[in-house]
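Trainee: Starting from these lines, generate the structure:
(chains A and B)
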Amino acid sequence: MNLWLWVLLACVLAYLTKLAGYLLPEKWTQDPRVMAYTGAMTIGLLSSLVLLNAVGDGQRLVLDARMVALLVAGLALWRKLPYLVVVLLGALSAAAWRWAMRGA
Amino acid sequence: MSASPAVLMGLSISLATGLYGISFGALSSAAGLSLGQTMALSLLMFTGGSQFAFIGSIAGGGPAALASATLLGLRNLIYGAQMNAMFAPHGLRKLASAHVTIDESVATAMGQPDQAERRRGFWVAGVGVFLCWNLFTLLGALLGNALGDPKTWGLDGAAVAAFLGLLWPRLRSRDTVTIGVAAAFVTLLTVPVLPAGVPLLLAAAAAAFVAWLLGRRTPAGGVS
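Mentor: Residues are numbered from 1 along each chain as shown, chains lettered A, B, ... in the order given. Reported below is the predicted structural model:
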């Protein structure tokens, strides 16, 4: 039930953010500083999310099959493969690594 | 409204984007969200980056997931302002425009040569992505539930690849790479010592701080 609360609250805030763009004075929303900071925070959050999902495990940093997925995904993006293929390769490489290392 | 270039572009973007709805649906159920919660995110939040951020940080608690999804959605504020300047919609149309204001609809609208095409592009991509994204989210969530242990199928590896794929196209200049690396370092340094959820927010703050430093160094770099 608690999780529902956070889901719905996040949905409301996401919609209000979009709507605010239509309602706030252009002088504020079109300010280059606003664009620069929102762009920077987007990069910072995504970069952090990559690492949290690749090596994070609660309060520990762990190297496991997810690191293999990170390397393979990086290679796939560098080769300009489509997004869906990148995601599939991430899954396949992690699963294949676990399968190869089973019992090791 | 038949097959104008804006309509064709909107439809192809809808299909391509909708297909990653499968990965969102599967990863969301792997992250522990119910089918209803997963669908609520796609129907109501409807902004892919924030949805991935929510499920990718929910392990750190509700407040962390809320904050990261909201901060990542701030770019939609700028898109909203751009679309308002372009179309100046009123009443219900304004409320509906706001909901389908996302990366894809804005990019499709801005890529068109005249006003009528921009309008067609915005609505076809916005509504088309909405339909495909939700349909494929549902398929992905059902698939994710059927797969069982997410690790067996490498779904945790898919999440890593999904975030890297969202980050990659934004690393277009030396400054953006600097910001990304700074946020990565802050994350690695703070994960072992701070409660889950906090490192993500510190990384966002560090990114803003580095952007401020870079803006001071190069006053011509767009910061007036």
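Trainee: From B:Phe163, how far off is the closest residue to chain B within chain A?
Mentor: In chain A, the residue that lies nearest chain B is A:Gly21 (1.9 Å; Cβ to the nearest Cβ). To be clear about C-beta, it is placed using only N, CA and C from the backbone, and glycine gets the same treatment. Using Cβ to Cβ, to the nearest Å, we find A:Gly21 at a distance of 25 Å from B:Phe163.
Trainee: quick one: which of those two has more around it?
Mentor: Of the pair A:Gly21 and B:Phe163, B:Phe163 is the one with more neighbours under other Cβ atoms under 10 Å in any protein chain shown, namely 28 against 25.
Trainee: closest point of chain B to chain A, which residue?
Mentor: B:Gly80 (1.9 Å).
Trainee: Next up, the contacts around that residue.
Mentor: B:Gly80 sits next to A:Thr17, A:Lys18, A:Leu19, A:Ala20, A:Gly21, A:Tyr22, A:Thr29, B:Ala98, B:Thr101 when contact means Cβ atoms under 8 Å, 6 or more residues apart in numbering or on different chains.
Trainee: Same question for B:Ala159.
Mentor: A:Asn53, A:Gly90, B:Leu27, B:Ala30, B:Phe52, B:Gly56.
Trainee: SS state for the fifth one?
Mentor: Secondary structure assignment for B:Phe52 (DSSP: H, G, I helix; E, B strand; the rest coil): helix.
Trainee: Do I have it right that it meets B:Gly165?
Mentor: No. With contact defined as Cβ atoms under 8 Å, B:Phe52 does not reach B:Gly165; the gap is 9.8 Å.
Trainee: ok, which stretches of chain A are helices?
Mentor: All helices of chain A, identified by DSSP state H, fall at A:2-23, A:26-29, A:32-55, A:65-78, A:83-100.
Trainee: quick one: is the shortest one near chain B?
Mentor: Yes. Remark: helix A:26-29 sits within contact range of chain B at A:Glu26, A:Thr29, by Cβ under 8 Å from any Cβ of the partner chain.
Trainee: In PDB, list the C-alpha atoms belonging to that helix.
Mentor: Extracted in PDB, the C-alpha atoms of helix A:26-29 (Å, rounded to 0.1, in the frame of the first residue of the first chain):
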ATOM      1  CA  GLU A  26       8.400  32.000 -20.600                       C
ATOM      2  CA  LYS A  27      10.900  34.400 -19.000                       C
ATOM      3  CA  TRP A  28      11.600  31.700 -16.400                       C
ATOM      4  CA  THR A  29      11.300  28.500 -18.400                       C
END
